[in-house]
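**Student:** A predicted structure for the sequence below; I have some questions about it.
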Amino acid sequence: MSPEFIQKHKLKTTPLPQPIPICNVDGTPNKNGAITEELEALLTFGWHTERARFAVWPGPDTVANLEQQSLIIGHLWLLHHNPEVDWA
């Protein structure tokens, strides 16, 4: 989750007990550094609502540098919930 999204929505983060290092695909350390905070929020998808934990990315970009994206939903969540996506 990006810092801009957190500030805009006045969300409260908590420090992680240990930073989570992030590496690029080539194995080099990411320029934005490690993930040092997280937040817990309600995530609603259709009729389903659940508490989710989000890692807070310290730099101006998200982990994948997706520019306009505010957060990235993890692969495990997508596998578990298997949402139908209308790509149009």
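**Tutor:** Now that the structure is in, tell me what you want to look at.
**Student:** Does W77 lie in a helix or a strand, and which?
**Tutor:** Element membership of W77 [criterion: DSSP states H and E] is helix 75-81.
**Student:** Alpha carbons of that helix, as PDB, please.
**Tutor:** Below are the C-alpha coordinates for helix 75-81, written out as PDB (Å, rounded to 0.1, in the frame of the first residue of the first chain):
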ATOM      1  CA  HIS A  75      -1.600 -13.700  -5.200                       C
ATOM      2  CA  LEU A  76      -2.600 -15.900  -2.200                       C
ATOM      3  CA  TRP A  77      -5.700 -13.800  -1.600                       C
ATOM      4  CA  LEU A  78      -6.700 -14.000  -5.300                       C
ATOM      5  CA  LEU A  79      -6.200 -17.800  -5.300                       C
ATOM      6  CA  HIS A  80      -8.300 -18.100  -2.100                       C
ATOM      7  CA  HIS A  81     -11.200 -15.900  -3.300                       C
END
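**Student:** Can you tell me which helix or strand of this protein has the lowest average pLDDT?
**Tutor:** helix 3-8 (a mean of 80; mean pLDDT, DSSP states H and E).
**Student:** How far away from the center of its chain is the next helix-or-strand element following it?
**Tutor:** Downstream of helix 3-8, the next assigned helix or strand under DSSP H and E is strand 14-20. Relative to its chain's centre, strand 14-20 lies at 14 Å (CA atoms, centre = their mean, to the nearest Å).
**Student:** contacting residues around strand 14-20?
**Tutor:** 33-39, 55 (CB atoms under 8 Å, 6 or more residues apart in numbering). (Glycine included, C-beta is placed from N, CA and C.)
**Student:** C-alpha coordinates for stretch 18-29, PDB please?
**Tutor:** Extracted in PDB, the C-alpha atoms of stretch 18-29 (Å, rounded to 0.1, in the frame of the first residue of the first chain):
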ATOM      1  CA  GLN A  18      11.500  -6.700  11.700                       C
ATOM      2  CA  PRO A  19      11.800  -5.000   8.300                       C
ATOM      3  CA  ILE A  20      11.000  -7.100   5.300                       C
ATOM      4  CA  PRO A  21      13.700  -6.700   2.600                       C
ATOM      5  CA  ILE A  22      12.500  -6.300  -0.900                       C
ATOM      6  CA  CYS A  23      14.600  -7.400  -3.900                       C
ATOM      7  CA  ASN A  24      14.100  -6.700  -7.600                       C
ATOM      8  CA  VAL A  25      13.700  -9.600 -10.100                       C
ATOM      9  CA  ASP A  26      17.400  -9.600 -10.700                       C
ATOM     10  CA  GLY A  27      18.100 -10.100  -7.000                       C
ATOM     11  CA  THR A  28      19.400  -6.500  -6.300                       C
ATOM     12  CA  PRO A  29      17.900  -4.600  -3.300                       C
END
